[in-house]
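Asks: here is the input, now give the coordinates:
(one chain, ligands or ions: 1)
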Amino acid sequence: MPETFVKSERLRQLPPYLFAEIDKKKKAAIAAGRDVINLGVGDPDRPTPEPIVRSLQQHVENPSFHQYALDQGSPELRRSIASFFSRRYGVDLDPETEILPTIGSKEALAHFPLAVINPGDVGLVPDPRYPVYRSAVQFAGGEPYIMSLEPGLGFRPDLDAVPADVWKRARLMFLNYPNNPTAGSADLPFFEKVVSLAREHNFVVAQDAAYSEVYFDDPPPSILQVPGAKDVAVEFHSLSKTFNMTGWRVGFAVGGAPLVSALGQVKANSDSGIFTAVQMAAVTALDQYETITPPIRALYKERRDVLVSGLKRLGWDVPTPAATFYVWIPCPAGYDSTTTCSKLLDEANLVTTPGLGFGDAGNGFFRMALTVDSPRLEEAVARISKLSF
Ligand code: PMP
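Replies: Predicted coordinates for the structure are as follows:
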């Protein structure tokens, strides 16, 4: 044991935690008893729907579920995921080989690069992004290549701008649609292009679909709807946002058998599956998807309209998100994301998230989450109306 502990090189490679300053201010404001409206958190405020809670209560009584779960997930859950996927996307999946339940999607996204890249390989990651993709590539010894998401392309990357030598070394590309934090969406032609590039350049696509069921117009597509996509893509789904279940830790990865099994091999060496009673509750959720999720979407839509129309009335240039529970707003002239969010907190007691925390390309934007109820969103708009930017 060294006298002075020194963190591993892989931890020291991680970018600094950019929310530290704003977190400190937020805590101080709350401690001082100020009436803070927290629009910073990406965590549903509503409880998990009744039928799912009842299902857990019932299954937790079963002693056979108190033992280790199966690494590959319970057969009931895998069958239920296959049925959901076929109803929702028209895609057939083999429950034995093409579906892997995961402990939420975060751990699966974090583990996946270990299954597909070797040290020195390039992993393409979007910017702005959910921070896990980049650190996961780095943890696996990969070299991140940053693809900025272009506002002019609906927050998709300009795939034609990736240099040939990057394609040559690329083994993995992370995508996330519907997108956090930009609320951008992908359509099938975009996914078709990605799949054809993956075939041409021999890389694997990890498409994070955590927000796939939080949408307000047409249901967003799955990358697996592209013919042949299973050979090159894995899609990561989550029950967290779809069913207000962030604390439960249940999601799933779907794709071709060799890719799903490679992820399973990494996980078999690092975790021991999901509590089986939680898996049974997930079966209840997915089986009742058609009745449980419309009211959840309707609530976010109502909140979205309150916030977006309120800010527009004040003259803010706010795009109306078609999916996710985030509103991604360009900073006012003369401000970057940190100064905008500091001002909102200092002068209006509003917690928002600076775009810089998601990558350099996010610095001209900040994010508001629709995870508080409409009257509080109206109050947030009223407070902003009194500020001068
Ligand atoms: N992907 C994205 C884009 C997210 O925003 C989140 C959570 N905020 C996750 C994945 C992880 O969600 P979970 O692990 O709860 O499935």
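Asks: what count of nearby residues applies to the residue nearest to residue 217 when sequence neighbours are not counted?
Replies: Nearest residue to residue 217 in three dimensions, chain neighbours excluded: residue 322, at 5.0 Å (C-beta to C-beta, 6 or more residues apart in numbering). To be clear about C-beta, it is placed using only N, CA and C from the backbone, and glycine gets the same treatment. If you count neighbours by other C-beta atoms under 10 Å, residue 322 ends up with 16.
Asks: for residue 322, give me its contacts.
Replies: For residue 322, the residues meeting the contact criterion (C-beta atoms under 8 Å, 6 or more residues apart in numbering) are 178, 183, 185, 215, 216, 217.
Asks: for it, give its distance to the ligand.
Replies: Summarising the geometry, the distance separating residue 322 from the ligand, computed by C-beta to the nearest ligand atom, to the nearest Å, is 16 Å.
Asks: just to revisit the earlier point, switch the contacts of residue 322 over to a markdown table; also include pLDDT, neighbour count and distance to residue 385.
Replies: Conversion of those to a markdown table gives the following (pLDDT from 0 to 100; neighbours: other C-beta atoms under 10 Å; distance: C-beta to C-beta, whole Å):
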| residue | pLDDT | neighbour count | distance to residue 385 |
| --- | --- | --- | --- |
| 178 | 98 | 26 | 29 |
| 183 | 98 | 23 | 23 |
| 185 | 96 | 22 | 30 |
| 215 | 98 | 19 | 29 |
| 216 | 97 | 15 | 25 |
| 217 | 93 | 10 | 29 |
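Asks: in strands only, show me these.
Replies: If you go by DSSP state E, the contacts of residue 322 have nothing in strands.
Asks: from those residues, which is closest to the ligand?
Replies: Checking the contacts of residue 322 against the ligand by C-beta to the nearest ligand atom gives residue 178 as the nearest, at 8.7 Å.
Asks: what pLDDT does the closest residue to that closest one other than its chain neighbours get?
Replies: Spatially, and ignoring its direct neighbours in sequence, residue 178 is nearest to residue 323 (3.5 Å; C-beta to C-beta, 6+ apart). At residue 323, the pLDDT value in this model is 98.
Asks: I'd say residue 323 and residue 187 touch.
Replies: No. Checked against C-beta atoms under 8 Å, the pair residue 323 and residue 187 is beyond contact range at 11.7 Å.
Asks: returning to that earlier point: export the contacts of residue 322 to CSV and tack on distance to the ligand?
Replies: What follows is these, written out as CSV (distance: C-beta to the nearest ligand atom, whole Å):
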residue, distance to the ligand
178, 9
183, 11
185, 13
215, 14
216, 17
217, 19
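Asks: and the residues you listed, which two are furthest apart?
Replies: 183 and 217 (12.0 Å; C-beta to C-beta).
Asks: list residues touching both of these two?
Replies: Shared contacts of residue 183 and residue 217, defined by C-beta under 8 Å, 6+ apart, comprise 322, 323.
Asks: so how far is residue 334 from the residue nearest to residue 217?
Replies: 29 Å (C-beta to C-beta, to the nearest Å).
Asks: now residue 215
Replies: As for residue 215, its distance to residue 334 is 34 Å (criterion: C-beta to C-beta).
Asks: residue 99 and residue 220, how far apart?
Replies: Counting by C-beta to C-beta, the gap between residue 99 and residue 220 amounts to 20 Å.
Asks: of these two, who's got more company?
Replies: Each of residue 99 and residue 220 had its neighbours counted (other C-beta under 10 Å), and the higher figure belongs to residue 99 (24 against 21).
Asks: where does the prediction get shaky in this protein?
Replies: Per-residue confidence of the chain (counting by pLDDT under 70) places the weak regions at 1-2, 18.
Asks: apply 90 and report the result again.
Replies: Counting by pLDDT under 90, the low-confidence segments of the chain come to 1-3, 13-27, 29-30, 41-42, 71.
Asks: helices of that one, start to end?
Replies: The residue ranges that make up the helices of the chain, judged by DSSP state H, are 9-12, 20-31, 50-59, 75-89, 105-116, 132-139, 164-169, 188-201, 257-268, 276-287, 289-313, 337-348, 374-385.
Asks: and of those helices, who's closest to the ligand?
Replies: Comparing the helices of the chain by their distance to the ligand (C-beta to the nearest ligand atom), the top pick is helix 105-116, with 3.3 Å.
Asks: residue 194 versus residue 121, what's the distance?
Replies: In this view, residue 121 and residue 194 are 18 Å apart by C-beta to C-beta.
Asks: those two: who's more crowded?
Replies: Here residue 121 and residue 194 are set side by side on neighbour count (other C-beta under 10 Å), and the busier one is residue 194, at 24 against 18.
Asks: what's the closest non-adjacent residue to the more buried one?
Replies: Counting by C-beta to C-beta, 6+ apart, the residue nearest residue 194 is residue 205, at 5.8 Å.
Asks: hey, what's that neighbour bridged with?
Replies: Legend: beta-bridge partners of residue 205 under DSSP bridges are residue 173, residue 233.
Asks: next, count neighbours for it.
Replies: For residue 205, the neighbour count with other C-beta under 10 Å is 23.
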